[in-house]
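Asks: With the input below, show me the fold.
(one chain, ligands or ions: 1)
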Amino acid sequence: MSSNTNKRPLFDKSTLPSRHATEGIDRAAHRALFYGTGVTEEEVHSPIVGIATCWNETTPCNIDLSRQAKVVKNGVREGGGLPREFTTITVTDGIGMGNPGMKSSLPSRDLIADSVELTVRGHCYDALVTLAGCDKTLPGMMMAMLRLNVPSVFLYGGSILPGRFRGKDVNIIDVYEAVGQHAAGKMSTEDLHRLETVACPSAGACAGQFTANTMATVSEAIGLSLPMSASVPTAYQAEHDRYAKAAGETVMNLIAQNLRPREIATRKAFENAAVTVAASGGSTNSGLHLPAMANEAGVKFDLEDVCEIFKKTPYIADLKPAGKYVALDMYKIGGIPVLMKALLEGGYLHGDCMTVTGKTIEENLEHVKFPLDQNIVRPTSKPFSSTGGVVGLKGSLAPQGSIVKVAGIKERKFRGPARVFDKENLAFAAVQARKYKEGDVIVIRYEGPRGGPGMRETLTTTAALYGHGMGEKVALVTDGRFSGGTRGYCVGHVGPEAAVCGPIALVKDGDIISIDADAGSIDIEVAEEELEERRKEWKSRPTGHESGALWKYTQLVGDACDGAVTHRGASVETHVYADIELDD
Ligand code: FES
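Replies: Below is the predicted model of the structure:
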């Protein structure tokens, strides 16, 4: 890299992908199209940085991303690059929850990664800054960064401010649970209406350590985001913009250093990410998204690996849904770097992992002081529990594994008769009609990646149970997923799923199911011979999606334990996009 008279850094494009689109006599027509968008002759020969957002107008978590992207672009320009903004699709779980829309949510993660890949490949971009703010959009964007392996920075759109209702801070999960309270006659229609109008007072992602904030924590811990950038609420625009501009400048440094995402997101970095999830009582969806991201990097890190880390990690952050605090409180004490500092000092993080700053985790945290005058994050010597807030379970009901969030749960063992529902809506209707008993294990099946299709989240049902005051008095077991906002004894990702005749397909009403979060087991107390008989009688069932995007998804998607991915990943690739040649 050198400088010209205007102090705009100059880059050698002879090895960058964009040389195929902008350099040489043959590319005159290509350059003409760039000029038609307002690009100057100097800019067209700069590195081209794709600025990918998941902006849309559906929910507060995405609404500010396009504005933030404009700030990122200023940083790229000042660093000597040519930013090119584009937008992917977004499917927002909060709107799809409890209705057929949720089937589109997990498939959207992979489509986001695919669409970023095709945009970058199609236009020979050299680098990426990705911006996202909702559950599937964060992993989707980071998957694209790892798949393409061009210098990249991830920027979280930030979280929402808490709402206020009857003198208490509230968030979106309070509204879901209020629906259950209303059904149980514990909340008036007027109060429910008032709550729904005040629960989401600003732009930003849902406030607890739900899936978006969990994956935002991952983005800092794995080294793909600037430290602290994922901790700033969306509404704190001036501060967030400083990180947005820095993200643009940083990606230009990464191009100069040729530092790529797969050099950052190594196996040890994935372990760091899983440690921060467990320590913060983060979302069980991380058990799906971390393996999917690892697949893009060619790193073996499946559900079992994730759960091994969870088992060894102390739970130290008192964050909702299990705890008391939200992302704004975390920000006030110093954000994710404080959590990471506690874990580093306790010996739970690999401090030598590289990050987008060009420094290691340990170097980034050097000047972070762990604050003692707060109750949100504890040192690892005084944890809430010595194992992580999320636990892996395996056994005769889930030979490929499953996952349960135990943060905030008093009883770690559960044994009871099954109440079986083939689809979530049937379970929700039964729960709302109080057709279940204390001690039941509610089984919701045919909701896996293939069977749903799309591995729906079942927050409406779990929230309704909490609303009835039965949150921990029944267990819920599913081959689908749970929202990051779910509380209670809820086991998800049970594999193999019912659609491929996993044992969950063979459960009948009244079968005893036993779950032990300490032993890491989940079993069906039915003799193997009896299960074999039921297996012979089992018939596959149509999903109701024989064409379109969801049918395509069912043809490609793999098991939940491997991240429910739709392609074979980096381990079989013959060349990486970042090194693309003309005949590739
Ligand atoms: Fe997007 Fe909650 S709806 S983060």
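
Asks: in which helix or strand would I find Glu239?
Replies: helix 237-257 (DSSP states H and E).

Asks: mind listing what's buried in that helix?
Replies: 237, 239-256 (16 or more other Cβ atoms under 10 Å). From N, CA and C alone the C-beta is placed, and that goes for glycine too.

Asks: which residues of the stretch 51-200 of the chain fall in strands?
Replies: For the stretch 51-200 of the chain, the strands defined by DSSP state E, counting those that start in this stretch occupy 82-87, 127-132, 152-156, 163-165, 168-170.

Asks: Neighbouring strands - and their directions - for the first one?
Replies: What it means is strand 82-87. Note on strand 82-87: by DSSP bridges, its sheet partners are strand 48-53 (parallel).

Asks: Check which residues of the strand it pairs with are buried.
Replies: For strand 48-53, the neighbour count (16+ other Cβ under 10 Å) marks 48-53 as buried.

Asks: Also stretch 407-415?
Replies: Going by neighbour count (16+ other Cβ under 10 Å), the buried part of stretch 407-415 is 407-409, 412, 414.

Asks: Inside strands: which ones of the residues you listed?
Replies: Phe414 (DSSP state E).

Asks: export stretch 449-459 as CSV, just CAs?
Replies: What follows is stretch 449-459, C-alpha atoms only, in CSV (Å, rounded to 0.1, in the frame of the first residue of the first chain):
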residue,chain,number,x,y,z
PRO,A,449,-35.0,-29.0,9.5
ARG,A,450,-36.5,-31.4,6.9
GLY,A,451,-39.8,-32.2,8.6
GLY,A,452,-41.0,-28.7,9.5
PRO,A,453,-39.6,-27.8,7.1
GLY,A,454,-37.3,-25.2,8.6
MET,A,455,-37.0,-26.2,12.2
ARG,A,456,-39.4,-23.8,13.7
GLU,A,457,-39.0,-22.1,17.1
THR,A,458,-41.7,-22.8,19.6
LEU,A,459,-41.6,-19.6,21.8
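
Asks: quick one: which two of the buried residues of stretch 407-415 are the most distant?
Replies: Maximum pairwise distance in the buried residues of stretch 407-415, criterion Cβ to Cβ, is 15.6 Å, between Ala407 and Phe414.

Asks: pLDDT weak spots in this structure?
Replies: Applying pLDDT under 70 to the chain flags the ranges 1-8, 485.

Asks: Quick check: residues of it near the ligand?
Replies: Contact residues, the chain versus the ligand (Cβ under 6 Å from any ligand atom): 59, 61, 92-94, 134-135, 205-206, 212.

Asks: Pairing partners for Val441 in the sheet, please.
Replies: Following DSSP bridges, Val441 is listed with bridge partners Ala418, Ala475.

Asks: what's the burial count for it?
Replies: For Val441, the count of nearby residues is 27 (other Cβ atoms under 10 Å).

Asks: thought it was touching Arg419?
Replies: Yes - with contacts counted by Cβ atoms under 8 Å, Val441 reaches Arg419, the gap being 7.0 Å.

Asks: From the centroid of this protein, which residue is nearest?
Replies: Most central in the chain under Cα atoms, centre = their mean is Met215, positioned 4.2 Å from the mean C-alpha point.

Asks: Wasn't that one part of a helix?
Replies: Yes - assignment of Met215 by DSSP: H, G, I helix; E, B strand; the rest coil places it within a helix.

Asks: For the closest residue to it other than its chain neighbours, give me its contacts.
Replies: Counting by Cβ to Cβ, 6 or more residues apart in numbering, Met215 lies nearest to Leu138, which is 3.8 Å off, once chain neighbours are set aside. Residues in contact with Leu138 (Cβ atoms under 8 Å, 6 or more residues apart in numbering) are 132, 154, 156, 211-212, 215-216, 218-219, 289.

Asks: Would you map the helices across the stretch 451-584 of the chain?
Replies: Secondary structure of the stretch 451-584 of the chain, counting by DSSP state H, counting those that start in this stretch: helices at 459-467, 528-537, 548-556.

Asks: actually the stretch 251-400 of the chain, not the one I typed
Replies: Per DSSP H, counting those that start in this stretch, the stretch 251-400 of the chain carries helices over the ranges 261-264, 267-279, 286-297, 303-312, 327-332, 336-345, 361-364.

Asks: Now for Gln318: which residues touch it?
Replies: Gln isn't right for residue 318; it's Asp. By Cβ under 8 Å, 6+ apart, the contact set of Asp318 is 324-325, 375-378, 384.

Asks: And for Phe370?
Replies: 338, 341-342, 345, 377, 379.

Asks: repeat for Val129
Replies: Shown in contact with Val129 (Cβ under 8 Å, 6+ apart): 49-52, 69, 72, 76, 83, 152-155, 247-248, 251.

Asks: Just give me the closest of those to Val277.
Replies: Of the contacts of Val129, the one sitting nearest to Val277 (Cβ to Cβ) turns out to be Phe154, at 16.1 Å.

Asks: residues contacting Arg568?
Replies: Counting by Cβ under 8 Å, 6+ apart, Arg568 touches no other residue.

Asks: now with 10 Å?
Replies: Applying Cβ atoms under 10 Å, 6 or more residues apart in numbering, we find Arg568 in contact with 295, 558.

Asks: Distance-wise, check it relative to Phe414.
Replies: 37 Å (Cβ to Cβ, to the nearest Å).

Asks: follow-up on the earlier one: point out the most buried one among the helices of the stretch 251-400 of the chain.
Replies: Most buried of the helices of the stretch 251-400 of the chain, by mean neighbour count (mean count of other Cβ atoms under 10 Å): helix 286-297, with a mean of 28.

Asks: between it and helix 303-312, how many degrees?
Replies: For helix 286-297 against helix 303-312, the angle by axes from the mean of the first three to the mean of the last three Cα atoms, to 10 degrees is 130 degrees.
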